[in-house]
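>>> show me how the following folds:
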Amino acid sequence: MSSSEKWPGRLALMVAHCAGMVDLVALPVWVGALMGHYRFDPQHAGGLATLFLAGAVAASLFFSARFNRYPVRLMVSGAFALASLLFLTLSTVSDYATMAVLHLGAGLAAGCGLSFTHGTIGRSARPHFLFAMVGIALGVFAVVFLGTTPKLVDQLGGEALFVTFGGVMAVAALSSLMAFPRPEANASVDGERAQQTPLSWSVKFCVVGVTLMSLVQAMTFSFVERMGSDRGFSVEAITGVFIALGLFNLVPPALAAALEKRLAAGWVLVLGPIVQACIALLITLSVQFVPFAAGAILFTAVMIFTHTFAFGTLARLDPTGRATAATPAMLMVGSAIGPLLGGTLVKFFGYTSLGIAAALLGLIAVGLFRQVRAQPVPA
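This is a model prediction of the structure:
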């Protein structure tokens, strides 16, 4: 049994995935804290989150192309240790310029750790299943994080958010140092020649499609907390939505694992952006709590379910692990643009503009996913 199939290795991958993907869970609390406690406007608050995500994108683009050249355990544990230090430093400062530099540095570190994590999962014996498992772990993490952190930030201030981030990164660094697995040996990967082989168009179309979905996710989800607050919903009600969201997010990765052989990945990829855009419109157009809450609870689940099938597809199309190692880039380039783009749209056109933009981007993603072949084409 390979190390990625043993529970210590799986747990290390789960923790690293949760730490590296903290933005997916924390963006609404993150942006909300920057606006509510540090008094930044939507554009500046979104810009700080964008700097973190831009750093993660840059690190992922750099290291994914070099995934097989570095010792993964050392890279992952060192990267998350550095991210922990930078987040703890963030809790001690409040001026925008310093916070911007620290956000960028933390993103570079976290993106490096996450890139090696996803590349290792992509080179495992069952990448779709293992990615679903780390997705379930992220759902559990979301329940704990969203159930506790908003109250801590409300009571202790924005500093509590960055101390929490620092603690999460420290746990990831320690667990990775102790038990992070090696990438699976793959007979179809022919050393340097395979590493230098250009990625197929199917891989590229899939990567851009996932990026557009992540853009819609970040652009809309970053302002869920502010939308609810500005529409008069109480802190307790919004926190309840986040807790329910975290609980519900346990479902899509488990469902994706169970349906791996029953659903055609191509159809999942095409339908995912359509459903995501519909829910984004529901959230941004709803002034009543029930439809707003229902949309918010369902929104992230669509991305998790669709991306699990996209990850499995990329692992089949590129056995070198480069495409899956670039997962943080494809997710976070959209997430990096999302808060800033969303903040700009909200500032000038209001929350409704987020739903309209989500629908337009979803149509483009559908067109790209329709060009993706679910299996590699023989040479």
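
>>> rest of the way, CA atoms for contacts and neighbours
OK.

>>> pLDDT value on the nearest residue to I283 once chain neighbours are set aside, please?
Closest residue in space to I283, ignoring its immediate chain neighbours: F292 at 4.9 Å, by CA to CA, 6 or more residues apart in numbering. pLDDT, F292: 92.

>>> okay, and F292 sits in which element?
Take DSSP states H and E as the rule and F292 turns out to sit in helix 289-317.

>>> tell me which other helices or strands that helix touches.
The helices and strands touching helix 289-317, judged by 3 or more CA pairs under 8 Å, 6 or more residues apart in numbering; DSSP states H and E, are helix 96-122, helix 127-156, helix 201-221, helix 235-248, helix 251-258, helix 265-285, helix 322-325.

>>> most tightly packed of those helices?
Highest mean neighbour count among these (mean count of other CA atoms under 10 Å): helix 322-325, with a mean of 30.

>>> check contacts around the residue lying closest to H103 once chain neighbours are set aside.
Closest residue to H103 apart from its sequence neighbours, by CA to CA, 6+ apart: F52 at 4.6 Å. For F52, the contacting residues are H103, L104, G105, A106, G107, L108, A336, by CA atoms under 8 Å, 6 or more residues apart in numbering.

>>> now with 6 Å, please.
Listed by CA atoms under 6 Å, 6 or more residues apart in numbering, the contact set of F52 reads H103, L104, G107.

>>> what helix or strand is it on?
Applying DSSP H and E, one finds F52 within helix 42-64.

>>> before we move on, the earlier item: got the angle between the helix holding F292 and helix 96-122?
Helix 289-317 and helix 96-122 meet at an angle of 50 degrees, taking axes from the mean of the first three to the mean of the last three CA atoms, to 10 degrees as the criterion.

>>> got the angle between helix 289-317 and helix 265-285?
150 degrees.

>>> coming back round to it: and the next helix or strand past the helix holding F52?
Helix 42-64 is succeeded, C-terminally, by helix 72-90 (DSSP H and E).

>>> and the direction of that following helix versus that of helix 96-122, what angle?
Using the same axes, to 10 degrees: helix 72-90 against helix 96-122 is 160 degrees.

>>> only C-alpha atoms, please: export helix 72-90 in CSV.
Output of helix 72-90 as CSV, limited to C-alpha atoms (Å, rounded to 0.1, in the frame of the first residue of the first chain):
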residue,chain,number,x,y,z
VAL,A,72,7.6,17.4,-1.3
ARG,A,73,7.6,16.9,2.5
LEU,A,74,10.2,19.6,3.1
MET,A,75,8.5,22.0,0.7
VAL,A,76,5.0,21.6,2.1
SER,A,77,6.0,21.8,5.8
GLY,A,78,8.4,24.7,5.2
ALA,A,79,5.9,26.7,3.2
PHE,A,80,3.1,26.4,5.7
ALA,A,81,5.5,27.3,8.6
LEU,A,82,6.3,30.5,6.8
ALA,A,83,2.7,31.2,6.1
SER,A,84,1.9,30.8,9.8
LEU,A,85,4.6,33.3,10.8
LEU,A,86,3.4,35.9,8.3
PHE,A,87,-0.3,35.5,9.4
LEU,A,88,0.7,35.9,13.1
THR,A,89,2.7,39.0,12.1
LEU,A,90,-0.5,40.3,10.4
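
>>> what packs against that helix?
Under the contact criterion of 3 or more CA pairs under 6 Å, 6 or more residues apart in numbering; DSSP states H and E, helix 72-90 touches helix 96-122, helix 159-179.

>>> got the angle for that helix vs helix 159-179?
For helix 72-90 against helix 159-179, the angle by the same axes, to 10 degrees is 160 degrees.

>>> now the helix holding F52: how far from the chain's centre is it?
The chain centroid and the centroid of helix 42-64 are separated by 12 Å, computed with CA atoms, centre = their mean, to the nearest Å.

>>> mean confidence score for it?
86.

>>> how about stretch 233-251?
Across stretch 233-251, pLDDT averages out at 83.

>>> likewise for stretch 309-324?
On average, stretch 309-324 scores 83.

>>> just the buried positions in it, please.
Buried positions in stretch 309-324, judged by neighbour count with 16 or more other CA atoms under 10 Å: 309-324.

>>> how about stretch 155-164?
For stretch 155-164, the neighbour count (16+ other CA under 10 Å) marks G157, G158, E159, A160, L161, F162, V163, T164 as buried.

>>> I'd like to know which of those is nearest to A56.
Distances from A56 to the buried residues of stretch 155-164, taken as CA to CA, are shortest for F162 (16.9 Å).
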